[in-house]
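Colleague: model this:
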Amino acid sequence: MTDDNDIPRRKLLLAGAASPAVFGISISALENASRSEMPSLASAQTQGNSVSITGFDDANQGFDSPTAIVASSELFDSSEGSEGRQIRLEYDGERALYTLDSETAGGDNTAQLSEFARCRLDTGSYPDQDPGTQGCPEHVSDCGLAEQSFDATFTTDVTVDQSPDEAEENGELIEQATEGTSDLLVIAPHGGQIEPHTDDQAAVLSNEFDETPATWRCMGWRPGGGAFRRWHVPSDELQVDSFSELPGLVDGSPERAVSFHGNCPNGVRIGGGADESVRTSVRDSIDDVLPNDESVQLADGRFRNADSSVLVNQVTDDGNGVWVGQSLPVREDHWENIAIAVGSVLLD
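Modeller: Purely as a prediction, here's the structure:
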């Protein structure tokens, strides 16, 4: 869970090359002025625009990404978007976050979404559940919108200007940023109920050490559960310039960065582009504060997250970020101890 990795790098998967189970079973990564009413996308910071949502034509059938949006050239122009940028879509009171793909769709002001991606806008596809109990959320492709075309609203303003309490009540996505005095940037791109406690961990590093890192926390909620499906975009898709508060922290070119995430496998995995010696020190520090039966490993495979596209590597000068992925049970029981253990290495 890149996100985380949650999900591996965004891909438009051909049906013959990947089973829908890749996205239909479990996702491996679980990342102040106020307003009294929940805003629609059309009332966000910039006026929302209408777009016609369709499935894929015969030439592109099988694109299964739950986050990619293949937009027409007109939509690119009207949104002032760019390849890889995040945008918000809203339909019938539901909303979700997507990534503009490099491909373009035909037609005027149209966008193509997979069945998985369209179901994120289908309120009926979200089962009622405790928002904090989703260990390994699932994307689904069987919903009322899966086979339909419909008109939605889009905007490139991906977050809103609300307090955390308001955002939780309204099911919104917000950012909070703080400046620091050290060369470390701490990020939690999937906070709130997307990957619970990861934003709390970033706050610990900001408050518990003599050296103060800069922090950026992006937090999302959805009443009744489903914040992961609504707001989660893998961290190897997230683009710095899609957000309002992050670019100012990155302009100073932090020398080091760490990001807190969820992941489905048990225990803790340490990835990122940082040197192995740094990742090993973080691993050992976390291992010292966890029970003996908890697994703490250096990440490999799709959890390695060493690529420059991963957000924690994007925000540093040399791509030397540290990615900390943790299962939900570990976060529930040990989130604070893990954060302190990380800080004792990176802020000591």
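
Colleague: so A339, which of the three states?
Modeller: Following DSSP: H, G, I helix; E, B strand; the rest coil, A339 is assigned to helix.

Colleague: C136 should be in a strand, yeah?
Modeller: No: counting by three-state DSSP, C136 is not part of a strand but coil.

Colleague: which regions of the stretch 1-150 of the chain lie under the pLDDT threshold?
Modeller: Scanning the stretch 1-150 of the chain for pLDDT under 70 picks out the ranges 1-48, 57-62, 78-81, 128-135.

Colleague: pull up the gap between R222 and P137, please.
Modeller: Distance, R222 to P137, by C-beta to C-beta, to the nearest Å: 11 Å. Bear in mind the C-beta positions are built from the backbone N, C-alpha and C, glycine included.

Colleague: quickly list what's touching both of these two.
Modeller: Residues touching both R222 and P137 (C-beta atoms under 8 Å, 6 or more residues apart in numbering): R229.

Colleague: for A111, what is the enclosing helix or strand?
Modeller: strand 110-112 (DSSP states H and E).

Colleague: can you name the next helix or strand after that strand?
Modeller: Next element after strand 110-112 (DSSP H and E): helix 115-119.

Colleague: and that next one, what does it pack onto?
Modeller: With contacts defined as 3 or more C-beta pairs under 8 Å, 6 or more residues apart in numbering; DSSP states H and E, helix 115-119 has no helix or strand neighbours.

Colleague: rerun at 10 Å
Modeller: helix 21-24, strand 49-54, strand 68-72, strand 86-91, strand 94-105 (3 or more C-beta pairs under 10 Å, 6 or more residues apart in numbering; DSSP states H and E).

Colleague: what's in contact with the strand holding A111?
Modeller: Contact with strand 110-112 is made by 51-57, 60, 63, 68-72, 74-75, 79, 87, 89, 98, 100-101, 103-106, 117-118, 149, 152, 154, as judged by C-beta atoms under 10 Å, 6 or more residues apart in numbering.

Colleague: my guess is A96 meets L145, correct?
Modeller: No: A96 is not in contact with L145 according to C-beta atoms under 10 Å; the separation is 11.3 Å.

Colleague: what touches both of these two?
Modeller: Common contacts of A96 and L145, defined by C-beta under 10 Å, 6+ apart, comprise 113, 117-122, 152.

Colleague: tell me which two of these sit farthest apart.
Modeller: C119 and A152 (13.2 Å; C-beta to C-beta).

Colleague: common neighbours of those two, please.
Modeller: By C-beta under 10 Å, 6+ apart, the residues touching both C119 and A152 are 96, 113, 145.

Colleague: make sure I187 is indeed in a strand.
Modeller: Yes: counting by three-state DSSP, I187 is part of a strand.

Colleague: re earlier: so for T316, which of the helices and strands packed on helix 115-119 sits nearest?
Modeller: Nearest of those (C-beta to C-beta): strand 86-91, 20.3 Å.

Colleague: show me what the closest one pairs with in its sheet, parallel or antiparallel.
Modeller: Neighbouring strands of strand 86-91 in its sheet, by DSSP bridges, are strand 94-105 (antiparallel), strand 150-155 (antiparallel).

Colleague: gap between P247 and V258?
Modeller: P247 sits 19 Å away from V258, going by C-beta to C-beta.

Colleague: ditto for G319
Modeller: Separation of G319 from V258 (C-beta to C-beta) stands at 13 Å.

Colleague: which one of these two is surrounded by more residues?
Modeller: Counted by other C-beta atoms under 10 Å, G319 and V258 do not tie: V258 has more neighbours, with 30 against 18.

Colleague: hmm, H139 is touching P234, no?
Modeller: No: look at H139 against P234 with C-beta under 10 Å: they stay out of range, at 11.7 Å.

Colleague: ok, D108 - how many residues close by?
Modeller: Residues contacting D108 under the criterion other C-beta under 10 Å number 9.

Colleague: wait, it sits on S73?
Modeller: Yes: assessed by C-beta under 10 Å, D108 is found in contact with S73 at 9.2 Å.

Colleague: before we move on, back to that, ranking the shared contacts of C119 and A152 by neighbours, who comes first?
Modeller: L113 (29 neighbours).

Colleague: quick one: contacts for that residue?
Modeller: Per C-beta under 10 Å, 6+ apart, neighbours of L113: 53-56, 63, 65-71, 89, 96, 98, 105, 119-121, 145-146, 152.

Colleague: check contacts around I174.
Modeller: I174 neighbours (C-beta under 10 Å, 6+ apart): 32, 159-164, 166-168, 191-192, 217-221, 245.

Colleague: give me that answer again for 8 Å
Modeller: Applying C-beta under 8 Å, 6+ apart, the residues contacting I174 are 159-164, 167, 218-220.

Colleague: one more: W221?
Modeller: Contacts for W221 (C-beta under 8 Å, 6+ apart) come out as 131, 167-168, 170-172, 192-193, 227.

Colleague: confirm S253 sits in a helix?
Modeller: No: counting by three-state DSSP, S253 is located in no helix; its state is coil.

Colleague: quick one: neighbours of it, just the number.
Modeller: 11.

Colleague: Provide a list of residues in contact with it.
Modeller: 316-317.

Colleague: so how far is F243 from it?
Modeller: Remark: distance between S253 and F243 (C-beta to C-beta) = 17 Å.

Colleague: got it, and I69?
Modeller: I69 is 18 Å from F243, by C-beta to C-beta.
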